[in-house]
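Peer 1: only geometry, no sequence info:
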């Protein structure tokens with residue numbers, strides 16, 4: 001029943017098994033060029049829980065969700081403030097979604113203020129969205145785009161005299 005069948009391959013070549021794909025994968029050498037571009041690992045969002053208070057700044061190239069309290073400046077890539085979240089300090093991010101309380105300035109490309117938020121401070125932004133019911137006390141400042149320099153006009157100087 002389990003007898004070994006004679007192999008038709010030469011003695012120096014390994015016999016094929018019932019799973020040729022696994023054997024062939026194990027016997028092949030990986031191409032070193034195939035691993036040059038590895039996809040970046042996805043960044044995991046950090047959470048400041050509702051029962052957590054941080055006295056000090058928070059920074060990183062990451063996503064942060066705040067349900068607790070931060071007393072200090074926040075500089076992250078993406079910030080989400082939950083309804084129970086509170087930040088007392090300056091915020092810098094690419095995007096900010098606020099449902100909770102902020103006392104301090106916000107600087108971000110995109111800012112979204114939900115109906116449950118309470119913002120007391122200036123917002124510098126490219127895009128600002130506010131739902132009905134959102135509380136915002138401060139100034140809304142649009143990012144100042146740097147003007148492109150005007151090419152200098154070159155040429156001959158022509159002297160013009162008034163006709164008599």
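Peer 2: Nice, I can see it. On a predicted model such as this, the values are computed, not experimentally measured, just so you know. Residues are numbered from 1 along each chain as shown.

Peer 1: residue boundaries of the helices in this protein?
Peer 2: Counting by DSSP state H, one finds helices in the chain at the ranges 20-27.

Peer 1: just for it, where's the confidence low?
Peer 2: 1-43, 145-164 (pLDDT under 70).

Peer 1: and the spatially closest residue to residue 134 that is not a sequence neighbour, what is it in contact with?
Peer 2: Among residues not flanking residue 134 along the chain, residue 113 sits closest, at 4.1 Å (Cβ to Cβ, 6 or more residues apart in numbering). Backbone N, C-alpha and C define where each C-beta goes, glycine included. By Cβ atoms under 8 Å, 6 or more residues apart in numbering, the contact set of residue 113 is 98, 119, 128, 129, 130, 131, 134, 136.

Peer 1: And for the fourth one, nearest residue in space, chain neighbours not counted?
Peer 2: Sequence neighbours aside, residue 112 is the residue nearest to residue 129 in space, at 4.6 Å (criterion: Cβ to Cβ, 6+ apart).

Peer 1: Run a quick neighbour tally on that neighbour.
Peer 2: The number of residues packed near residue 112 is 19, by other Cβ atoms under 10 Å.

Peer 1: Identify the bridge partners of residue 98.
Peer 2: residue 81, residue 113 (DSSP bridges).

Peer 1: so who does it touch?
Peer 2: 81, 106, 111, 112, 113, 114, 117, 119.

Peer 1: about what we covered before: how far away is the residue nearest to residue 134 from residue 98?
Peer 2: 5 Å (Cβ to Cβ, to the nearest Å).
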